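Engineer: Give me coordinates for this.
(one chain, ligands or ions: 2)
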Amino acid sequence: MTATAEARPWRPRVVPDTVPVDLAAAEDAARDLLAALGQPLDAPHLAETPRRMAHAYAELLRPEAFDFTTFPNDEEYDELVLVQDIPLTSVCEHHMLPFTGVAHVGYLPRDRILGLSKLARLVEVTARRPQTQERLTKQVADHLQERLDPRGVGVVVEAEHTCMSLRGARAVGSRTVTSALLGLLRSDPSSRAEFLALTRGHRDER
Ligand SMILES: Nc1nc2c(ncn2[C@@H]2O[C@H](COP(=O)(O)OP(=O)(O)OP(=O)(O)O)[C@@H](O)[C@H]2O)c(=O)[nH]1
Ligand SMILES: [Zn+2]
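Structural biologist: Ligands and ions are numbered 1, 2, ... in the order given. This is a model prediction of the structure:
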């Protein structure tokens, strides 16, 4: 790469793997599901519900492509970059019920820095599929490591799973915390401690 090319923003597109969505078939299936669950679908107030269910799930499962815009790290900034409290909505793959919370995503830059909003977009694109919280956390970290090649990556996710709070165990208010640390944020004790203290300190304030 020439010096001029390096000075420019670099914008590879992140395009999620998606398959075409058949909303009409989803609506029929939602109608069948509700009928099988004994719901009176001929009642006027439920007439539109299968269509809404199909659209709602399609929306929850529809990731949007985005540009992974990076810039040269001209100032050789070498401290932690951390975006806290990125809102998160995903769907648990076991029950297809939502889990919601926040992600804290950070990295230690090397040659390039990332457009800050791209950390939030990366969380969003990774969340819009049937997930476990552990996989979601690891995928965000791995993706950032592969694309940006920073010296370290840290991801903490805190979420409430409605499959555990609204039904089943009914553990209302319980939060699950997961983390993925790579590179120096995993191996260097002081970098690791700083990242975890910043994310934990933030949690304790709430
Ligand atoms: N590890 C992990 N488990 C999850 C996640 N989301 C939901 N689960 C769990 O997946 C498990 C599925 O367990 P099963 O026993 O097959 O399902 P179930 O009979 O509906 O279980 P209960 O929820 O306990 O009523 C439950 O313990 C859920 O709490 C997640 O993101 N990560
Ligand atoms: Zn679940």
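Engineer: ok, now which ones touch P109?
Structural biologist: By C-beta atoms under 8 Å, 6 or more residues apart in numbering, the contact list for P109 reads N73, Y77, D78, V81, P150, R151. (Glycine included, C-beta is placed from N, CA and C.)
Engineer: what residues does the chain put near ligand 2?
Structural biologist: Contact residues (C-beta under 5 Å from the ion) of the chain with ligand 2: C92, H94, H95, C163.
Engineer: Quick check: the residue in the chain that ligand 1 sits nearest to vs D149, distance?
Structural biologist: For the chain, the residue closest to ligand 1 is G168, as judged by C-beta to the nearest ligand atom, at 3.1 Å. From G168 across to D149, the span is 41 Å (C-beta to C-beta, to the nearest Å).
Engineer: ok, those two, which is more surrounded?
Structural biologist: Between G168 and D149, D149 has the larger neighbour count (other C-beta atoms under 10 Å), namely 15 against 12.
Engineer: still on that earlier bit, separate out the buried members of the contacts of P109.
Structural biologist: Buried subset of the contacts of P109 (neighbour count, 16 or more other C-beta atoms under 10 Å): P150, R151.
Engineer: Can you lay out the contacts of P109 as TSV showing pLDDT?
Structural biologist: TSV is the format used below for those (pLDDT from 0 to 100):
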residue	pLDDT
N73	96
Y77	97
D78	97
V81	98
P150	98
R151	98
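Engineer: Let me have the contacts of P109 in JSON lines, extended by distance to A43 and secondary structure.
Structural biologist: Converted to JSON lines, the contacts of P109 look like this (distance: C-beta to C-beta, whole Å; DSSP: H, G, I helix; E, B strand; the rest coil):
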{"residue": "N73", "distance to A43": "61", "secondary structure": "coil"}
{"residue": "Y77", "distance to A43": "60", "secondary structure": "coil"}
{"residue": "D78", "distance to A43": "63", "secondary structure": "coil"}
{"residue": "V81", "distance to A43": "53", "secondary structure": "strand"}
{"residue": "P150", "distance to A43": "55", "secondary structure": "coil"}
{"residue": "R151", "distance to A43": "60", "secondary structure": "coil"}
